[in-house]
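Undergrad: only geometry, no sequence info:
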């Protein structure tokens with residue numbers, strides 16, 4: 001198969017202008033990044049200390065260091081993170097500020113369940129690969145992007161899939177997500193892991209780290225701030 005076989009270009013989600021920002025961690029949150037260090041993160045490749053750049057209270061992708069993921073493993077949770085595409089970003093389509101947050105990292109590379117991060121402000125690409133998409137499965141309900149150089153906010157509720165003792169799927173993964181206060185995924189049901197090529201499928205797992213993707217143009221890397229998670233009971 002070719003990547004184009006699973007690209008969807010229409011219908012294009014409507015543009016919704018988001019309102020004002022900000023969300024401080026609630027009292028029961030596990031703070032994953034507060035601007036001071038990467039003690040909560042490791043290299044997704046080998047578990048060594050994460051080597052992305054921390055400066056000025058921001059966490060910035062270091063593409064050569066590869067993906068990073070949380071030391072802790074999670075099951076069901078509420079996640080908050082803020083991300084920014086550099087103001088001077090260039091390129092088009094998937095080559096414009098590309099990253100992603102994997103709501104469950106189930107293996108090396110890009111294995112897992114990805115909520116796409118991309119500069120989708122006046123930037124056309126396949127809609128199930130634009131910002132806010134559950135990659136190659138669910139386009140966002142709206143394009144809620146602010147322009148490059150401004151901060152974007154994701155608030156996500158992740159319900160992990162459930163497997164029987166023999167590995168059979170008994171309940172699929174579900175995602176509800178807001179971007180900049182705008183609903184972009186409404187209890188979306190995933191058909192399996194989010195694959196670049198081919199059809200999604202499930203592999204049994206229980207708890208998993210949250211992963212940030214080292215993707216895109218290293219001359220215009222994505223930055224993050226204010227990342228926290230709240231563990232939730234099983235539904």
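TA: Looks like it arrived, so ask away. These figures come from a predicted structure and were not determined experimentally. Residues are numbered from 1 along each chain as shown.
Undergrad: residue contacts, the residue positioned nearest the centre of the chain?
TA: Closest residue to the average C-alpha location of the chain: residue 101 at 2.1 Å, with CA atoms, centre = their mean. For residue 101, the contacting residues are 79, 81, 114-115, 117, 154, 156, 210-213, by CB atoms under 8 Å, 6 or more residues apart in numbering. The way it works is simple: take the backbone N, C-alpha and C, and place the C-beta from them, glycine included.
Undergrad: repeat that with 6 Å
TA: 115, 212 (CB atoms under 6 Å, 6 or more residues apart in numbering).
Undergrad: so what's it bridging to?
TA: Beta bridges link residue 101 to residue 115, residue 212, judged by DSSP bridges.
Undergrad: one more: residue 69?
TA: In this entry, residue 69 is beta-bridged to residue 42, residue 211, by DSSP bridges.
Undergrad: gap between it and residue 144?
TA: 26 Å (CB to CB, to the nearest Å).
Undergrad: and if you look at residue 125?
TA: Residue 125 is 16 Å from residue 144, by CB to CB.
Undergrad: those two: which has the busier surroundings?
TA: Neighbour count, other CB atoms under 10 Å: between residue 125 and residue 144, residue 144 has more, with 26 against 21.
Undergrad: isn't that one right next to residue 178, touching?
TA: No: using CB atoms under 6 Å, residue 144 is not in contact with residue 178; the gap is 8.2 Å.
Undergrad: flag the shaky bits of this structure, pLDDT-wise.
TA: By pLDDT under 70, the weakly predicted segments of the chain are 18-23.
Undergrad: residue furthest from the geometric center of it?
TA: Quick read of the chain (CA atoms, centre = their mean): farthest out is residue 166, 29.4 Å.
Undergrad: you'd agree it is in a helix?
TA: No: counting by DSSP: H, G, I helix; E, B strand; the rest coil, residue 166 is not part of a helix but coil.
Undergrad: pull the number of nearby residues for residue 4.
TA: There are 8 residues near residue 4, going by other CB under 10 Å.
Undergrad: what of residue 180?
TA: 23.
Undergrad: over to the one 4 residues further on?
TA: The burial count assigned to residue 184 is 28, neighbours taken as other CB under 10 Å.
Undergrad: mind listing what's buried along the helix or strand that contains it?
TA: Assigned by DSSP states H and E, residue 184 belongs to strand 182-189. Under the neighbour-count criterion of 16 or more other CB atoms under 10 Å, strand 182-189 has 182-185, 188 buried.
Undergrad: and it, which strands flank it?
TA: The pairing partners recorded for strand 182-189 under DSSP bridges are strand 174-179 (antiparallel).
Undergrad: and the strand it pairs with, how far out from the chain middle?
TA: Centroid separation for strand 174-179 versus its chain: 10 Å, with CA atoms, centre = their mean, to the nearest Å.
Undergrad: cool, stretch 224-235 as well?
TA: Worked out by CA atoms, centre = their mean, stretch 224-235 lies 13 Å from the chain centre.
Undergrad: ok, now stretch 75-90?
TA: 7 Å.
Undergrad: what comes into contact with it?
TA: Contacts for stretch 75-90 (CB under 6 Å, 6+ apart): 23, 96-97, 117, 119, 148-149, 151-160, 207, 220, 222-232, 234.
Undergrad: OK, contacts around residue 220?
TA: 86, 89.
Undergrad: try it again with 10 Å
TA: The neighbourhood of residue 220, defined by CB atoms under 10 Å, 6 or more residues apart in numbering, consists of 61, 85-91, 95-98, 119, 148.
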